[in-house]
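Q: can you look at this prediction? I've put the sequence above it.
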Amino acid sequence: MELRDYLRIFRAHWLGMLAVIVGAVVLAFGWTLTQPKVYTADATALVRTVSGEELGTVSLGNSIAAQRVKTYVEIGQSRSVADRVITELDLAKSPDSLINQVSITNPIDTTSLKVTANGSSPEQSRDLAEAWVRAMIAEVNKIESGDPDKTGTVFLSAVDSARLPGSPSSPNTKLALAIGALVGLALAIGYGLLRYTLDRRIRDVAAVERETGVAVVGTVPEEKSFTADDRLIPFDGGNSANSSKAHLFAIAEAMRELRTNIQFMDVDNPPRVMVITSPLPGDGKSTTASNLAITLASSGQKVVLIDGDLRRPMIDTVFGLPKGVGLSDVLAGRAELADVAHRVGGNGRLLVIGAGKIPPNPSEVLGSARMKELLEAISREAIVIIDAPPLIPVTDAAVLAHSTDGAIVVATVGKTTFEVLGKALSNLDRAGARALGIVLNRVPRRGSGAAYYGYQYHGDYYRVEKPEDEAAQLLASTPSSEPVRSEPAARDDDGAPLRRSTHRAS
């Protein structure tokens, strides 16, 4: 994985990762609330000797004090000192438990002793530190002179009294929150990587191509305005800003991209008969097939859209055509092709053929020699797009794809798993059919789901606006030569379009 892959994971799961971090910080703060508050106070005592006026005597005294300070650290941690403090402060504690509240340290290269006392209140910690110093002084006097109230040659003296602490030393809220945030960050990263590893749903174009070995030829953004009866782009391909469906600019642009990718699959021999299918129902294959047919027709090509789903036909519903005779009737010899074809759109280049009556044996009907002859005949004059049933539940799409140039498989982002897509492609391969490519449908336009694609659809980029200012109007009214079409159709000497069948022999 590269750095950008980690960034995409973060963008895709940032909300969950943020929740993990916040949860860890809240838990750390809750832990601090449950802990008893501890206050700490410090007092200092100095090891001294009875000094004379001569330099040698002073040096000797300092040397003796330096030797005794280590011993006095041990004395300060003794039970005898704790007993004196318990008696002085009238505490109901054992010497051992009180010793655990106090620590005695000797700063390096000094003859001072630092007494650090912990208590449940500021006053308790201050009183304990000062009482401990007094008890140590008495105990040292007893050892050096035999009298707790009389100093010997070497003695302890209080230097700095304890100050009243202003805030508890434990729990350290800031430190706990910082540790909670660091732990939460580590857990959040693990959460994001785990989600990425265990989530087998399709979300990334690169991952799909890597897992399947089949190119992704199109990504269609999610369009929430689509309904069962209204899911088509304008019949001009979405090129007009005056259309009532101008808001479908992103879908139209995605279809134009898909059209271009299909045409450049094989520049010398582009596919003429294509099956549009999906792994499972509900992936949007019928909508994709219909809008792709509209986009191809808007570029000046003759297109025939056939509803090859003889189990649950949808094309007549999508285009609002009357239900009745269709493909099955033509194959059965009950009707002619011209009788069942419906010309739709203003340019007259798109013909739609419904499924007709549902036969009892759809797979045999679609795989018949009559079906192959029909597709070969139509492909001489037009591009043929067949809306086929899903690949996994039935074999119809694989049978059809074997007799055509190949199949385009439509998968749903965030729904279709790699295992399901792999099984669908395997069904095509076992039938000897070619997978022309994969179309990822319902790609999120914004939010965490769009992070995997590294882009979002922006309306202002694709939308065609009317000229508003005078300069734009002047340019729009200036006569110019006819623009060159991005996809010119080859023509013969009489001006008729050249048509060539690229139907693959079965």
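A: That came through fine. Residues are numbered from 1 along each chain as shown.
Q: let's verify Lys423: helix, strand, or coil?
A: helix (DSSP: H, G, I helix; E, B strand; the rest coil).
Q: so which helix or strand of the protein has the lowest pLDDT on average?
A: helix 470-477 (a mean of 39; mean pLDDT, DSSP states H and E).
Q: can you give me the end-to-end span of stretch 192-207?
A: Criterion CA to CA, to the nearest Å; first-to-last residue distance in stretch 192-207 is 17 Å.
Q: report the buried residues of it.
A: 192, 196, 202-205, 207 (16 or more other CB atoms under 10 Å). In this view, the C-beta of every residue, glycine as well, is placed from N, C-alpha and C.
Q: what of stretch 390-398?
A: Here stretch 390-398 shows 390-392, 394-398 as buried, counting by 16+ other CB under 10 Å.
Q: just the CA atoms of it, as PDB, please.
A: Coordinates of each C-alpha in stretch 390-398 appear next as PDB, following Å, rounded to 0.1, in the frame of the first residue of the first chain:
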ATOM      1  CA  PRO A 390     -28.100 -11.400 -13.800                       C
ATOM      2  CA  LEU A 391     -25.200 -13.900 -14.100                       C
ATOM      3  CA  ILE A 392     -25.400 -15.700 -10.800                       C
ATOM      4  CA  PRO A 393     -29.100 -16.700 -10.500                       C
ATOM      5  CA  VAL A 394     -29.400 -17.900 -14.100                       C
ATOM      6  CA  THR A 395     -27.300 -18.800 -17.100                       C
ATOM      7  CA  ASP A 396     -29.100 -16.600 -19.700                       C
ATOM      8  CA  ALA A 397     -26.600 -13.800 -19.700                       C
ATOM      9  CA  ALA A 398     -23.600 -16.200 -20.100                       C
END
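Q: quick one: the helices in the stretch 251-400 of the chain?
A: 285-298, 315-319, 327-332, 337-340, 362-366, 369-379, 396-402 (DSSP state H, counting those that start in this stretch).
Q: if you could redo that for the stretch 101-250 of the chain, that was the one I meant.
A: Under DSSP H, counting those that start in this stretch, the stretch 101-250 of the chain gives helices at 122-145, 173-198, 205-212, 249-263.
Q: so which other helices or strands are in contact with the second one?
A: The one in question is helix 173-198. helix 3-34 (3 or more CB pairs under 8 Å, 6 or more residues apart in numbering; DSSP states H and E).
Q: skip ahead from the helix it packs on and say which helix or strand is next.
A: Counting by DSSP states H and E, the next helix or strand C-terminal to helix 3-34 is strand 39-49.
Q: so can I have TSV of the helices of the stretch 101-250 of the chain showing mean pLDDT and distance to Asn427?
A: Converted to TSV, the helices of the stretch 101-250 of the chain look like this (pLDDT from 0 to 100; distance: least, CB to CB, whole Å):
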stretch	mean pLDDT	distance to Asn427
helix 122-145	92	77
helix 173-198	92	26
helix 205-212	90	13
helix 249-263	91	21
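Q: right, and the ones you listed - which one's nearest Leu232?
A: Between Leu232 and these, the tightest spacing by CB to CB is seen for helix 249-263, at 9.4 Å.
Q: and the closest one with helix 285-298, angle?
A: 80 degrees (axes from the mean of the first three to the mean of the last three CA atoms, to 10 degrees).
Q: chain center to helix 249-263: distance?
A: 26 Å (CA atoms, centre = their mean, to the nearest Å).
Q: what residues sit buried inside that helix?
A: Buried, per 16+ other CB under 10 Å, within helix 249-263: 249-256, 258-259, 261-263.
Q: which members of the buried residues of stretch 192-207 define the maximum pairwise distance?
A: Gly192 and Val205 (19.5 Å).
Q: rewinding a little: how about the helices of the stretch 101-250 of the chain, which one is nearest Glu222?
A: helix 249-263 (9.2 Å).
Q: could I get the closest one in CSV with only the CA atoms?
A: Provided in CSV are the C-alpha atoms of helix 249-263 (Å, rounded to 0.1, in the frame of the first residue of the first chain):
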residue,chain,number,x,y,z
PHE,A,249,-25.3,16.1,-16.1
ALA,A,250,-23.1,13.8,-14.0
ILE,A,251,-24.9,10.7,-15.2
ALA,A,252,-24.7,11.9,-18.8
GLU,A,253,-21.0,12.6,-18.5
ALA,A,254,-20.4,9.2,-17.0
MET,A,255,-22.3,7.6,-19.9
ARG,A,256,-20.3,9.5,-22.4
GLU,A,257,-17.1,8.3,-20.7
LEU,A,258,-18.4,4.7,-20.9
ARG,A,259,-19.3,5.2,-24.6
THR,A,260,-15.8,6.4,-25.3
ASN,A,261,-14.1,3.6,-23.4
ILE,A,262,-16.2,1.0,-25.3
GLN,A,263,-15.3,2.5,-28.6
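Q: which other helices and strands does that helix contact?
A: Counting by 3+ CB pairs under 8 Å, 6+ apart, helix 249-263 packs on strand 216-221, helix 285-298, strand 435-443, helix 459-462.
Q: switch to 10 Å and redo it
A: Contacts defined by 3 or more CB pairs under 10 Å, 6 or more residues apart in numbering; DSSP states H and E place helix 249-263 against strand 216-221, helix 285-298, strand 383-387, strand 407-412, strand 435-443, helix 459-462.
Q: any idea of the angle the longest one forms with strand 383-387?
A: Here helix 285-298 points in a direction 170 degrees away from that of strand 383-387 (the same axes, to 10 degrees).
Q: so where's the stretch 1-150 of the chain shaky on pLDDT?
A: For the stretch 1-150 of the chain, applying pLDDT under 70 flags the ranges 1, 51-59, 61.
Q: that older thread, for the buried residues of stretch 192-207, which one is nearest Pro362?
A: Ile202 (27.9 Å).
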